[in-house]
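Student: generate a structure from the sequence data that follows.
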Amino acid sequence: MEITEIEKLINDVLTLDELQIKFDGSQCSIVAVADMFADLSRVKRQQVVFAPLAEAIKTGTIHAVTVKTFTKAQWQRDKLFNQ
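Tutor: Purely as a prediction, here's the structure:
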């Protein structure tokens, strides 16, 4: 599976301000930024991002997934602290 395919799966379901994906073989790392995450718990945020990838995870195309979610304000703050 290519990064563009993963992006399409997520973008077809979610409206995000920013989406970053790193995919190495079967391990996937995702950063998703949208204000829709503001009222969701950390677990619910991850479930929202995992949902479009369910079939690829089920078939083993994607084995390990790491998801980090941010609102736009949280993302700006995180970028400042991690530069």
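Student: correct me, but Pro52 touches Ile10?
Tutor: Yes: assessed by CB atoms under 8 Å, Pro52 is found in contact with Ile10 at 5.1 Å. Placement of C-beta: from N, CA and C, glycine included.
Student: of those two, who's got more company?
Tutor: For Pro52 and Ile10, the more surrounded residue by other CB atoms under 10 Å is Ile10, and the numbers stand at 20 against 16.
Student: what are the buried residues along the helix or strand hosting the more buried one?
Tutor: Ile10 is part of helix 3-11, with elements assigned from DSSP states H and E. Neighbour counts over helix 3-11 (16 or more other CB atoms under 10 Å) mark 6-7, 9-10 as buried.
Student: check the residues you listed and tell me the two furthest apart.
Tutor: Pairwise distances across the buried residues of helix 3-11 peak at 7.3 Å for Glu7 and Leu9 (criterion: CB to CB).
Student: okay, the closest residue to Leu16 other than its chain neighbours and Leu9: tell me how far apart.
Tutor: Nearest non-adjacent residue to Leu16, counting by CB to CB, 6 or more residues apart in numbering: Ala34, 4.6 Å away. Plainly put, Ala34 is 16 Å away from Leu9 if you go by CB to CB, to the nearest Å.
Student: Ala73 too?
Tutor: 26 Å.
Student: which residues touch Thr69?
Tutor: Thr69 makes contact with 31-34, 37, 42, 45-46, 48-49, according to CB atoms under 8 Å, 6 or more residues apart in numbering.
Student: residues in contact with Thr66?
Tutor: Here Thr66 is in contact with 27-30 (CB under 8 Å, 6+ apart).
Student: again but with Thr59, I slipped
Tutor: Counting by CB under 8 Å, 6+ apart, Thr59 touches no other residue.
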